[in-house]
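Trainee: heads up, no residue letters with this:
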C-alpha cells in the first residue's frame, strides 16, 4: 500500500509539472526548498477554489465581511498575540553536517505520537531510540525554534523597524475588529473573513505543496456573545467545512475529525478540531476549527490601549466577543482535491489518466476543437462556437494540436469536463459532438442547445 501511495504522489507531481499546474520555485536556479509556483492551470484551479470558498462561506451570508490586508504588520501585534513567545517548533541539528530537522517529525516517522510530548520529552525519546540523521549522524539536543520569518522595514539599517512576515491571517482580522465595528455597526454574531498569504520558517518543508514556507489561507473569525451556545456554532461550522470540501471534489470518506487534547492545543484555544485527510504520504491536517475565546481581542486591547468592547442592546452591559475560527490552507485543499480526483483506466500504453474535477473548479469548463485544423470551414465554425462559450463560461480552451484522440487525452489529464468537436456533419446539421470526460460518452447536440446542455451538468 505504501509503495502504491508513493507512486501515486510521484504521478500527481509529474502531472502537475507537465501540464502546467505547479512548478518548483526558482527552478532554473536549482529551486528553493519549500516554494512552488502555480502555473497557468494551477492558478485557475487555485482561483476557482478560493472563489468557491468565498461564495459558500462569505457571499451567501449577510453577516460575514471580507477584508484584504498586508503581510507586514506592526511588530507589537506579534507580542500581543503571543507568537514571539509561543510560536516555536522543536529543532535538532545533525552534529556533523549541521542540517536542521524537526524533532517531532523525526519521532512521528519513527511511529511515535508527539502530541503530548514536551521538548524535554522529545529529546529524551530521540536519545532512547538512538535516532540518527538521514546522513547517519547523531543529533544535538532538542531546542526551541521560532517559526516566524524576520524582516526589516526602512531605508537605513540603523533606523529600520524589525518585524515579521505574518505567520497567520487571524491577527489581521483581530486588529481590524474595531474598524469594522465603526464602519458597519454589525451585531453579534458576525464574521470577518480573509484569503491571503502567510509565512512560516519551516525547517523541513516536504510532501510537495503540503508543507510550505509561503502558503495561502482561507479563514474567518466569527464573533459571538460570550453567553451564546458556542457549541452549536462550532458543530455547524464543522459540518459546513465537510460539505464545502465535498463541493470541490474532496472525498469525504477520506476525512477524519481529530479533536486536540488540552495539552496539544494552541495557547489561545479552548477547543480545536481538525479535519484530517488521507494523503498518499499519511493522514494529515487539512482544515482547522478553533474556539479562541476572547484571548486575542483582550490581548490587543491590553497592548494597544484601544477598546474592543461591544454593547449588549438587551442588557446594556459591555462585553468582549468570543471567537470561533474555521480555517483551511488553500495549498492543502488543492493537493487533497488532486489526490481525490486523480484517476487511471486501462493498462500500460492504453492507460487513460484523467482528473475528475467538479466542473465548478476545473481550470477550463470546456474545450473546443475542429476535427481537422487544415479545413478552414471547420476552423471558422469552431472559432464561433469557442467565442460564444468563452463569453458564457469564461475559461474555455481551444485545442487543434494533434489528432482528436490525443486532444481528448490531453484534456482528460487537465480535468476539462467536456470536449466539443466540430466535424463535417456539423456544417450540414448544426450539431456538434460533446464528449464527457468521466464516461467517454459522446452526444450530438444542436449548436443552440450547447450552453444549456453544459449548464445542466454543473
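Mentor: That came through fine. Keep in mind it's a predicted model, so treat the numbers as computed, not measured. Numbers count the residues shown, from 1 in each chain.
Trainee: quick one: low-confidence parts of the stretch 51-200 of the chain?
Mentor: Within the stretch 51-200 of the chain, the stretches with pLDDT under 70 are 158.
Trainee: how about the stretch 351-458 of the chain?
Mentor: Within the stretch 351-458 of the chain, no range satisfies pLDDT under 70.
Trainee: next up, the contacts around the residue most central in space within the chain.
Mentor: For the chain, the residue sitting closest to the mean C-alpha position, by Cα atoms, centre = their mean, is residue 330 at 1.4 Å. Each residue near residue 330 by Cβ atoms under 8 Å, 6 or more residues apart in numbering is listed here: 46, 49, 50, 195, 215, 216, 217, 218. Backbone N, C-alpha and C define where each C-beta goes, glycine included.
Trainee: if we go to 7 Å?
Mentor: 46, 49, 50, 216, 217, 218 (Cβ atoms under 7 Å, 6 or more residues apart in numbering).
Trainee: could you dump those residues to JSON lines with pLDDT and neighbour count?
Mentor: Shown next, in JSON lines, are the contacts of residue 330 (pLDDT from 0 to 100; neighbours: other Cβ atoms under 10 Å):
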{"residue": "46", "pLDDT": "98", "neighbour count": "20"}
{"residue": "49", "pLDDT": "98", "neighbour count": "24"}
{"residue": "50", "pLDDT": "98", "neighbour count": "17"}
{"residue": "216", "pLDDT": "97", "neighbour count": "21"}
{"residue": "217", "pLDDT": "98", "neighbour count": "20"}
{"residue": "218", "pLDDT": "98", "neighbour count": "24"}
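Trainee: look up phi and psi at the residue lying closest to residue 327 once chain neighbours are set aside.
Mentor: Spatial nearest neighbour of residue 327, excluding adjacent residues (Cβ to Cβ, 6 or more residues apart in numbering): residue 219 at 3.5 Å. The phi/psi pair for residue 219 (degrees, to the nearest 10) reads phi -160, psi 160.
Trainee: wait, residue 173 sits on residue 191?
Mentor: No - with contact defined as Cβ atoms under 7 Å, residue 173 does not reach residue 191; the gap is 8.7 Å.
Trainee: shared neighbours, the two?
Mentor: Joint contacts of residue 173 and residue 191 (Cβ under 7 Å, 6+ apart) are residue 221.
Trainee: all helices for the stretch 151-300 of the chain, in order.
Mentor: Listed in chain order, the helices of the stretch 151-300 of the chain (DSSP state H, counting those that start in this stretch) span 170-175, 177-184, 230-247, 295-304.
Trainee: looking at those, spot the one closest to residue 289.
Mentor: helix 230-247 (5.6 Å; Cβ to Cβ).
Trainee: show me what that closest one is packed up against.
Mentor: strand 214-224, strand 271-279, strand 282-293, strand 322-329 (3 or more Cβ pairs under 7 Å, 6 or more residues apart in numbering; DSSP states H and E).
Trainee: now render these as a markdown table, adding distance to residue 350.
Mentor: Shown next, in a markdown table, are the helices and strands packed on helix 230-247 (distance: least, Cβ to Cβ, whole Å):
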| stretch | distance to residue 350 |
| --- | --- |
| strand 214-224 | 38 |
| strand 271-279 | 28 |
| strand 282-293 | 32 |
| strand 322-329 | 37 |
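Trainee: tell me where the stretch 1-150 of the chain has helices.
Mentor: With DSSP H, counting those that start in this stretch, the ranges of helices along the stretch 1-150 of the chain come out as 2-18, 40-54, 75-81, 83-86, 103-109, 119-129.
Trainee: can I get those in JSON lines with distance to residue 227?
Mentor: Converted to JSON lines, the helices of the stretch 1-150 of the chain look like this (distance: least, Cβ to Cβ, whole Å):
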{"stretch": "helix 2-18", "distance to residue 227": "47"}
{"stretch": "helix 40-54", "distance to residue 227": "30"}
{"stretch": "helix 75-81", "distance to residue 227": "25"}
{"stretch": "helix 83-86", "distance to residue 227": "28"}
{"stretch": "helix 103-109", "distance to residue 227": "38"}
{"stretch": "helix 119-129", "distance to residue 227": "38"}
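Trainee: minimum distance to residue 302: which of these has it?
Mentor: helix 75-81 (7.2 Å).
Trainee: so which residues make contact with that closest one?
Mentor: With Cβ under 7 Å, 6+ apart, helix 75-81 has contacts from 84, 148, 161, 162, 163, 164, 171, 175, 296, 299, 300, 303.
Trainee: make it 8 Å
Mentor: Applying Cβ under 8 Å, 6+ apart, the contact partners of helix 75-81 are 84, 87, 148, 161-164, 167, 170-171, 174-175, 268, 296, 299-300, 302-304.
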